[in-house]
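J.: Next come a sequence and a model predicted from it.
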Amino acid sequence: MELFKIFALFVFTALAEIIGCYLPWLWLRQDRSIWLLLPAAISLALFAWLLTLHPYAAGRVYAAYGGIYIGVALLWLWAVDAIRPTYTDALGAGICLLGAAVIILGARQP
């Protein structure tokens, strides 16, 4: 159960970062409202706060988070941008998720 909580926290952390970066992208690349920067800033602040909730040392969290982020970003690509990830996208994400699992499961101390 603890592993599920950590994974869910990583997913929420990734979503906060992606949203915080996607909204300014909409403003800059698709000429959307500048008001998108306000929820973007809130989302990025949430992202930074969520990183502090992880039970491991910061460097280990950042390393493992990268693998989870890649998987969530590809799901975002599919769900929001309506672009289906390729086989190589899925393979790369799987390798990264395996790396993240090795880091988290191998952690002996916070």
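T.: Sure, I can see it.
J.: Check the secondary structure at Tyr62 for me.
T.: Recorded secondary structure, Tyr62: helix (DSSP: H, G, I helix; E, B strand; the rest coil).
J.: Run a quick neighbour tally on it.
T.: 13 (other Cβ atoms under 10 Å). C-betas here are computed from N, CA, C, even on glycine.
J.: Report the spatially nearest residue to it, omitting neighbours in sequence.
T.: Leu51 (7.8 Å; Cβ to Cβ, 6 or more residues apart in numbering).
J.: hang on, that neighbour packs against Ile68?
T.: No: between Leu51 and Ile68 there is no contact under Cβ atoms under 8 Å: 11.8 Å.
J.: When these two are compared, which one has more neighbours?
T.: Ile68 (22 against 17).
J.: Pull the contacting residues for the more buried one.
T.: Phe7, Phe10, Val11, Thr13, Ala14, Leu97, Ala100 (Cβ atoms under 8 Å, 6 or more residues apart in numbering).
J.: I'd say Gly67 and Gly92 touch.
T.: No: using Cβ under 8 Å, Gly67 is not in contact with Gly92; the gap is 10.2 Å.
J.: Mind checking which of these two has more residues around it?
T.: Gly67 (22 against 15).
J.: I figured Ile104 was touching Pro55, is that so?
T.: No: the criterion here is Cβ under 8 Å, and Ile104 misses it with Pro55 at 9.7 Å.
J.: which residues do those two both contact?
T.: What both Ile104 and Pro55 touch, as defined by Cβ under 8 Å, 6+ apart, is the set Ile6.
J.: who's more crowded, those two?
T.: Taking neighbours as other Cβ under 10 Å, Ile104 and Pro55 compare with Ile104 leading, 22 against 13.
J.: Quick check: longest helix in the chain by residues?
T.: For the chain, the helix with the greatest residue count under DSSP state H is helix 2-29.
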